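J.: Dropping a prediction and its sequence here:
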Amino acid sequence: MTFILGLTGGIATGKSTVGRFFESQCIPVVDADKGARQVMEPGQAAYHDVVKTFGQEILTKDGTIDRTRLGAIVFNDPTKLSKLNETVHSHVLNWIKEEKDKLIKAGHPLVVLDIPLLYEIGFENEVDAVMVIYVDPETQLKRLMKRDNLSENEAQIRIAAQASIDSKAEKADIVIDNRGGIDETENQLRTWLDNNGY
């Protein structure tokens, strides 16, 4: 039987780093952000709906959706962010479920679903356990500003668009403290894998 682990956290808390660690251990990771990019490619499920909702100005010259332009629109307007989420999430959830089902059929004992908005979309009931990657809010803000070259205000707006990292950690089955170095984080992950027979 396959164990489905939901991986989440806030923006810039280290989910991608943890996802890469799992992949390095030959554990498959279904990345919701990758799914969101795929379903918004020209000709794919959500592309038409997103362009219809937000207009031609979000397109690049080659007709693909400019995610930076789209982000600038939605992260400054909670109503537009909600509209984008409504438009894209059902397509992404279908993609996640299809990928998960393929991996279960392939016989993997553990499958990780990396879903940044796992709690916000109520997906915690679709997994066997939820792992939250935690950093304190101050560290999260600094990492996001550095990673995405954002002003403090821009970073705070993006962080505020998600549920707080503290509220996610309170609900989690497993909390990985990512405030230290990568070695400390990987040690926590190895301990969890060893304790659970993976």
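T.: It's in.
J.: buried residues in the stretch of helix or strand Gly19 belongs to?
T.: Gly19 belongs to helix 15-24 when assigned by DSSP states H and E. Using 16 or more other CB atoms under 10 Å as the test for burial, helix 15-24 gives 15-16, 18-19, 21-22. Placement of C-beta: from N, CA and C, glycine included.
J.: likewise stretch 70-83?
T.: For stretch 70-83, by 16+ other CB under 10 Å, it's 70-71, 74-75, 81.
J.: Among those, which has the minimum pLDDT value?
T.: pLDDT across the buried residues of stretch 70-83 is lowest for Phe75, at 86.
J.: which ones are touching that one?
T.: Neighbour list for Phe75: 81, 154, 157-158, 161 [criterion: CB atoms under 8 Å, 6 or more residues apart in numbering].
J.: Buried ones only from the residues you listed, please, as a PyMOL command.
T.: The following PyMOL line selects those of the contacts of Phe75 that are buried, judged by 16+ other CB under 10 Å:
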select buried, resi 81+154+157+158+161
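J.: Check the contacts of Phe75 and tell me the two furthest apart.
T.: Greatest spacing in the contacts of Phe75, by CB to CB: Leu81 and Glu154 (14.0 Å).
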